[in-house]
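**Student:** sharing a model that was predicted from the sequence below.
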Amino acid sequence: MGKVKVGLVQMTCTANKQENLDKAIVKVREAAQKGAQIVCLQELFTSLYFCDTEDYDNFKLAEAIPGPSTDALSKVAAELGVVIIASLFEKRAQGLYHNTTAVLDADGSYLGKYRKMHIPDDPGFYEKFYFTPGDMGYKVFKTKFATIGVLICWDQWYPEAARITALMGAEILFYPTAIGWATTQDEATNTEQYNAWQTIQRSHAVANGVHVVSVNRAGEEAGVQFWGGSFVANPFGTVMYQASHHDEEVNVTELDLDKSDYYRSHWPFLRDRRIDSYQPITKRLLDE
């Protein structure tokens, strides 16, 4: 396994799709200059977070995957020799859309995509209006530098998604994200929400013995302050890096993938799983 350097791009966005793509490419280059080998962009980075309203015009933001954005990023990946994880609004067919992340290898080749499985529907986060739930299952991608798993935002609250992706061989779990606070909230509520968000993801690192990399957006949009706070956790949940809540940041953190073997050996959660007893988890509720 060895060591790999991951780049996190936490940025603000505008209503101009091309402007956001160009900005992301500049920041990918910055991460590469800092030594990044795998660079993760935030959820839906080519636009504002449009799911705050149910507006049919927003479907015009979607594109094919592979398509224009992956084509542009593939060239950058090949030029810089880096893997790029790109979260995009996918138009699969007329009237059929997904929240999808594409993975581009260090030679620019398109390795495939993961479609978000868990779709939220909350005030200000009306994602069920736009996105069909993923139907490709959980995915891992064998990149030049590591075998990675990609999950998206709301997926990060579900231990099952992290577990399955780790069991498929993911050495790192990446979570492109767009989550924030209502600007009317008090500080205590903000702190509690961020801590819960980070804690659940750190727990995935511990339970599965893998590094977790979570990349959130920053900036205020439509009454929501996206809380940034992008972070990296080691396979025992220790926070190795955490971004600010408000600023744009490009960070590169070196991960030692051999740590997974160390922690999994000393804390053998995978060894002691009672897979014969887990069938009830496939039920919605055990009420009968």
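**Tutor:** Nice, thanks for sending it over. These figures come from a predicted structure and were not determined experimentally. Residues are numbered from 1 along each chain as shown.
**Student:** residue ranges in the stretch 1-150 of the chain under the pLDDT threshold?
**Tutor:** Along the stretch 1-150 of the chain, segments meeting pLDDT under 70 are nowhere present.
**Student:** can you give me the strands for it?
**Tutor:** Under the criterion DSSP state E, counting those that start in this stretch, the stretch 1-150 of the chain contains strands at 3-10, 38-41, 83-93, 96-104, 110-115, 140-142, 147-150.
**Student:** other SSEs contacting the longest helix along the chain?
**Tutor:** For the chain, the helix with the greatest residue count under DSSP state H is helix 187-208. In terms of contacts (3 or more CB pairs under 8 Å, 6 or more residues apart in numbering; DSSP states H and E), helix 187-208 is packed against helix 159-167, strand 172-177, strand 180-182, strand 211-216, strand 224-227, strand 231-233, strand 239-242. The C-beta positions use only the backbone N, C-alpha and C, and glycine is treated the same way.
**Student:** could these go into TSV alongside mean neighbour count?
**Tutor:** What follows is those, written out as TSV (neighbours: other CB atoms under 10 Å):
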stretch	mean neighbour count
helix 159-167	19
strand 172-177	28
strand 180-182	20
strand 211-216	27
strand 224-227	20
strand 231-233	24
strand 239-242	15
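**Student:** now those in CSV, with distance to Thr46 and mean pLDDT?
**Tutor:** Below are the helices and strands packed on helix 187-208 laid out as CSV (distance: least, CB to CB, whole Å; pLDDT from 0 to 100):
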stretch, distance to Thr46, mean pLDDT
helix 159-167, 24, 98
strand 172-177, 12, 98
strand 180-182, 18, 96
strand 211-216, 14, 98
strand 224-227, 15, 97
strand 231-233, 23, 98
strand 239-242, 25, 98
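**Student:** tell me which of those sits nearest to Asp258.
**Tutor:** strand 211-216 (11.2 Å; CB to CB).
**Student:** packing partners for that closest one?
**Tutor:** Counting by 3+ CB pairs under 8 Å, 6+ apart, strand 211-216 packs on strand 3-10, strand 38-41, strand 172-177, helix 187-208, strand 231-233.
**Student:** tell me the strands beside it, with direction?
**Tutor:** Using DSSP bridges, the strands paired with strand 211-216 in its sheet are strand 172-177 (parallel), strand 231-233 (antiparallel).
**Student:** how many residues are close by the closest residue in space to Gly134 that isn't next to it in sequence?
**Tutor:** Excluding its sequence neighbours, the residue lying closest to Gly134 (CB to CB, 6 or more residues apart in numbering) is Arg115, at 3.2 Å. By other CB atoms under 10 Å, 20 other residues sit near Arg115.
**Student:** residues touching Arg115, list them.
**Tutor:** 90, 98-100, 133-136 (CB atoms under 8 Å, 6 or more residues apart in numbering).
**Student:** rewinding a little: so which of the helices and strands packed on strand 211-216 is nearest Asp55?
**Tutor:** strand 172-177 (22.0 Å).
**Student:** now distance to Ala161 too, for the strands paired with strand 211-216, in a markdown table please.
**Tutor:** Putting the strands paired with strand 211-216 into a markdown table (distance: least, CB to CB, whole Å) gives the following:
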| stretch | distance to Ala161 |
| --- | --- |
| strand 172-177 | 9 |
| strand 231-233 | 16 |
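**Student:** where does the nearest residue to Lys3 once chain neighbours are set aside land on pLDDT?
**Tutor:** Leaving out its chain neighbours, the residue that sits closest to Lys3 by CB to CB, 6+ apart is Asp256, at 5.2 Å. pLDDT recorded at Asp256 is 98.
**Student:** I'd like to know how far Ala243 sits from Met136.
**Tutor:** 30 Å (CB to CB, to the nearest Å).
**Student:** out of these two, which sits in the busier spot?
**Tutor:** Per other CB under 10 Å, whichever of Ala243 and Met136 has more neighbours is Ala243, with 22 against 12.
**Student:** for that one, give me its contacts.
**Tutor:** Residues counted as contacts of Ala243 (CB under 8 Å, 6+ apart) are 8, 10, 216, 218, 228-231, 249, 251.
**Student:** contacts only, for Ile152.
**Tutor:** Counting by CB under 8 Å, 6+ apart, Ile152 has contacts 43, 87, 99, 101, 114, 116, 175-177.
**Student:** let's see 7 Å
**Tutor:** 43, 87, 99, 101, 116, 175-176 (CB atoms under 7 Å, 6 or more residues apart in numbering).
**Student:** distance to Thr199 for these - can I get that in JSON lines?
**Tutor:** Listed next are those as JSON lines, based on distance: CB to CB, whole Å:
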{"residue": "Glu43", "distance to Thr199": "20"}
{"residue": "Ser87", "distance to Thr199": "23"}
{"residue": "Asn99", "distance to Thr199": "24"}
{"residue": "Thr101", "distance to Thr199": "23"}
{"residue": "Lys116", "distance to Thr199": "21"}
{"residue": "Tyr175", "distance to Thr199": "14"}
{"residue": "Pro176", "distance to Thr199": "19"}
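**Student:** lovely, talk soon.
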